[in-house]
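Peer 1: no sequence for this one, just the structure:
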């Protein structure tokens, strides 16, 4: 049985998150991780 390799970033070769974004902050393809709780707080609070 063959083992399965995780998908890697084509720029820095770090492993990708489940949504396909790079998790290396020094990478040119890096996107900050989204926190759903922050979005909900700004909607509920009325002000951003």
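Peer 2: Yep, that arrived. All figures in this text were calculated on a predicted structure; none of them were measured in a lab.
Peer 1: from here on, contacts and neighbour counts on C-alpha atoms
Peer 2: Will do.
Peer 1: burial of residue 22, as a residue count?
Peer 2: 25 (other Cα atoms under 10 Å).
Peer 1: residue 12 now?
Peer 2: Neighbour number of residue 12 under other Cα under 10 Å is 14.
Peer 1: now residue 8
Peer 2: Neighbours around residue 8, by other Cα under 10 Å: 15.
Peer 1: then the one 5 residues further on?
Peer 2: Counted with other Cα under 10 Å, the burial measure for residue 13 works out to 12 neighbours.
Peer 1: that one sits in which helix or strand?
Peer 2: Using DSSP states H and E, residue 13 sits within no helix or strand.
Peer 1: which residues in this protein form helices?
Peer 2: Ranges of helices in the chain, per DSSP state H, are 36-45.
Peer 1: quick one: low-confidence ranges for it?
Peer 2: Applying pLDDT under 70 to the chain picks out residues 36-48.
Peer 1: switch the cut-off to 90
Peer 2: Counting by pLDDT under 90, the chain shows low-confidence ranges at 1-2, 20, 29, 31-48.
Peer 1: quick one, strands of this structure?
Peer 2: Assigned strands in the chain: none (criterion: DSSP state E).
Peer 1: measure the residue of it most remote from its centre to residue 35 for me?
Peer 2: Distance to the chain centre peaks in the chain at residue 1, reaching 30.1 Å (criterion: Cα atoms, centre = their mean). From residue 1 across to residue 35, the span is 37 Å (Cα to Cα, to the nearest Å).
Peer 1: now swap in residue 15 and tell me
Peer 2: To residue 35, residue 15 is 20 Å away according to Cα to Cα.
Peer 1: out of these two, which sits in the more crowded spot?
Peer 2: residue 15 (17 against 8).
Peer 1: not counting sequence-adjacent ones, nearest residue to the more buried one?
Peer 2: Once flanking residues are discounted, residue 15 sits nearest to residue 8: 4.4 Å by Cα to Cα, 6 or more residues apart in numbering.
Peer 1: the one you found and residue 17 touch, don't they?
Peer 2: No: the pair residue 8 and residue 17 fails to qualify as a contact (Cα atoms under 8 Å) at a distance of 9.1 Å.
Peer 1: residue 17 against residue 24, yeah?
Peer 2: No: using Cα under 8 Å, residue 17 is not in contact with residue 24; the gap is 10.1 Å.
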